[in-house]
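In: Predicted model and sequence follow; I will ask about them next.
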Amino acid sequence: MSEREEKIERRGYIKYLGAAVAGVAVAAAGFAVYEATKPAPPTPPTPTPPTVTVTVTPPLTPTPTPPPGTVSERAVVGARALVEKGIVPKGTVLKLLHVAGSRAQLYPFLGEWEDKTGIGVELVTVGVEGDIFTKLMAEATAKTGIYDMATIFSTWMGDLVEAGIAKPLDEYYKKYEPVGPPEVAPIEPLGSYTTMYKGKRYSLFADADVYTLTYRKDLIENPDYMSEFKAEYGYDLKPPDTWEEAVDVAKFFNEKDLKAPDGTKLYGAFFYAEPGFAGYTTWITIFVSKGGILFSPKDMKSMVNTPEGVEALELMAKLVPYMHPETVTGTWASLYQRYSEGKAVLAMAWPSLIKWAQDPATSVVVGKNGSAPVPGAKVTVAGTEKIIKAAVNPVNWVGMVSNYSKYPEAAYLFLQWWTSPEIGYEVCPIKGIMDAYRRNWFESEKERLHMEMAYTPEFIKAFPKAIASSFPDLMLPGAWSFLEVLNKNVNAVCAGTKEAKPALDETAAAWEETTDRLGRDKLLEAWKATVPLYPKDVQDVWKEKGYI
């Protein structure tokens, strides 16, 4: 039986899962969520793109006079109109390319959409996320229309747009207004930077993969440890506001020689320093908070080996002795496992970590976890010292429409409906790859309580702040070519086989070669359009330093 043939009423299915209304079951968001975080394969060269006019678009703002109805109602009305006018035959089945591990966030909603619109949706699933990219790049050449839409990593956006497979969506944005009024709009800057490439809309926001700090609240708020820490370091023990404070907290607890429940050592921290994500998560978060910029907007010169880059990497190296050994040798999954086994005090990862750590089936630290925005850095702007916090948003999922779909408008409308304020708040708490990003899900009492059961009240309080200070995924063509060499060199420094400055010099040289190979002018055009999508605080630091 195909997925679309076996219709399951949405709310009944969610109730069966226990994901939308039951606390413990909601928390069971485990590893399947972040199968989504495996790196994509190195991307092949892309075809020469058509000329694109660059328009730097400001962050999302609601249309002054939006069409009638809510975001989801507009999508349903629009789809019905397509059927009534014969543009899309009733009973048409659209194909959505999606990762199998997160089908639960789509499957329960397909029957309702078909009942309301007369248009079906069939999931075409793959087991490995990178296979989505491979299939879409093959379709860019074949142009068969086999897929109408897909959920993709935002990291792939540049390649998919330049290959011609991702359809521009500005026309549909204007016609159907998927953002909504301010009280339900996606929190900025995430709402803009996940959907845009070279100033144009190519996707719909579907997720928030912004990093937060998860920490052992029971230890950091322990009165005895608070007293000892204050005596030793001269300031209060708390979730670290800066990365220098993170070193202090990690060192303090690491030297306490505390034990995890299984009798092994409790380490001070677990931040990614392994070959797959070392540079793309921990290093880049420290780097941007210190005022670092990846490329010069003037000539696309690599800026990873600037003083900010070296400082960030040297600070990471200082953390290594106080972290679990698998921070350097493990995988992304190691952090989830070891933190939930009670083997680290501080950790930084995707939103699903708090779900995993709060699930009795996977964690021994249930009820002992706190959430906070990631640490930042002290910088001076216009003569005033302030703490800049910049949260990385790696491999964020978005929805795109195929340029070769026979019914692209219908495909767009399904994505608008699924990601709408009214439907999306039921999607996000379910076990899967999509996490909360709209303002009403954090501020409306009913919807906030719904999210708190999935993520904990403290996380729901901290996460909007994290989103507001977040910065874009690297969406340039060939993004993974840049990230792969960065990750390996950052890992080498953390492993003690390279020094920070030479490792970043090597990275910068490789980035220059990649930029020339892929086309400096083309990449510069994309980067110039990305810079305005960074948080204002970060842009202010760049202006202070003369980078922009």
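Out: Here it is on my side, so go on.
In: Show me where this protein dips below the pLDDT cut-off.
Out: The model of the chain has pLDDT under 70 over residues 1-67.
In: gap between the longest helix anywhere in it and the chain center?
Out: Selection of the longest helix in the chain by residue count, based on DSSP state H, yields helix 500-518. The chain centre lies 25 Å from the centre of helix 500-518; the measure is CA atoms, centre = their mean, to the nearest Å.
In: Can you mark which positions in that helix are buried?
Out: Neighbour-count burial for helix 500-518 flags 500, 503-508, 510-511, 514-515, 518 (criterion: 16 or more other CB atoms under 10 Å). All C-beta atoms are positioned from the backbone trio N, CA, C, and that covers glycine.
In: The spatially most central residue of the chain and Thr281: what is the separation?
Out: Central residue of the chain (CA atoms, centre = their mean): Asp209, 2.4 Å from the mean position. Distance, Asp209 to Thr281, using CB to CB, to the nearest Å: 10 Å.
In: which neighbours do these two share?
Out: Pro394 (CB atoms under 8 Å, 6 or more residues apart in numbering).
In: how about the helix or strand just after the longest helix of the chain: buried residues?
Out: Beyond helix 500-518 in the direction of the C-terminus, DSSP states H and E gives the next helix or strand as helix 520-530. If you call a residue buried by 16+ other CB under 10 Å, then helix 520-530 has these buried ones: 522-530.
In: can you check stretch 140-153 too?
Out: By 16+ other CB under 10 Å, the buried positions in stretch 140-153 come out as 140, 147-153.
In: ok, residues contacting the longest helix of the chain?
Out: In contact with helix 500-518 (CB under 8 Å, 6+ apart) are residues 45, 279, 295, 300-305, 309-310, 313-314, 317, 477-478, 481-482, 485-486, 489-490, 492-493, 523.
In: PyMOL command to pick out the buried ones of those residues?
Out: A single PyMOL command selects the buried members of the contacts of helix 500-518 (16+ other CB under 10 Å):
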select buried, resi 279+295+300+302+303+304+305+309+310+313+317+477+478+481+482+485+486+489+490+492+493+523
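In: Pull the number of nearby residues for the residue nearest to Val76 when sequence neighbours are not counted.
Out: Nearest residue to Val76 in three dimensions, chain neighbours excluded: Lys116, at 5.0 Å (CB to CB, 6 or more residues apart in numbering). Each residue near Lys116 was counted by other CB atoms under 10 Å, and the total is 16.
In: and what of Val366?
Out: Val366: 15 surrounding residues under other CB under 10 Å.
In: Let me know the secondary structure of it.
Out: Recorded secondary structure, Val366: coil (DSSP: H, G, I helix; E, B strand; the rest coil).
In: I'd guessed it sits against Ile354; true?
Out: No. Using CB atoms under 8 Å, Val366 is not in contact with Ile354; the gap is 10.9 Å.
In: What sits closest to Val538 if chain neighbours are left out?
Out: The shortest distance from Val538 to any non-neighbouring residue, by CB to CB, 6+ apart, is to Ala390 (5.6 Å).
In: Around that neighbour, how many other residues sit close by?
Out: Ala390: 26 neighbours (other CB under 10 Å).
In: Tell me who's in contact with it.
Out: Neighbouring residues of Ala390 by CB under 8 Å, 6+ apart: 285, 288-289, 374, 376, 469-471, 535, 537-538.
In: Tabulate the buried residues of helix 520-530 (TSV), appending distance to His450.
Out: Below are the buried residues of helix 520-530 laid out as TSV (distance: CB to CB, whole Å):
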residue	distance to His450
Lys522	43
Leu523	42
Leu524	44
Glu525	42
Ala526	37
Trp527	38
Lys528	40
Ala529	36
Thr530	33
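In: closest to Pro394 among those residues?
Out: Within those, distances to Pro394 taken as CB to CB reach their minimum at Thr530, with 14.9 Å.
In: Does Val345 lie in a helix or a strand, and which?
Out: According to DSSP H and E, Val345 maps onto strand 344-349.
In: mind listing what's buried in stretch 220-238?
Out: Residues of stretch 220-238 classed as buried: 220, 225, 229, 237 (neighbour count, 16+ other CB under 10 Å).
In: Nearest to Asp435 among those residues?
Out: Closest to Asp435 out of the buried residues of stretch 220-238 is Ile220 (24.4 Å), distances taken as CB to CB.
In: Now that closest one: closest residue in space, sequence neighbours ignored.
Out: Distance criterion CB to CB, 6+ apart; nearest residue to Ile220, sequence neighbours excluded, is Leu237 at 5.9 Å.
In: Hmm, the one you found is touching Phe229, no?
Out: Yes. With contacts counted by CB under 8 Å, Leu237 reaches Phe229, the gap being 3.8 Å.
In: Pull up the overlap in contacts between those two.
Out: Shared contacts of Leu237 and Phe229, defined by CB under 8 Å, 6+ apart, are found at 249, 252.
In: and which of the buried residues of stretch 140-153 is nearest Glu177?
Out: Met149 (18.9 Å).
In: Quick one: distance of stretch 154-171 to the chain centre.
Out: Distance of stretch 154-171 from its chain centroid, counting by CA atoms, centre = their mean, is 18 Å.
In: how about that stretch: buried residues?
Out: Within stretch 154-171, the residues scored as buried using 16+ other CB under 10 Å are 154-167, 169.
In: re the thing from before, what's the separation between the residue nearest to Val76 and Val124?
Out: Noted for Lys116: a distance of 22 Å to Val124, by CB to CB.
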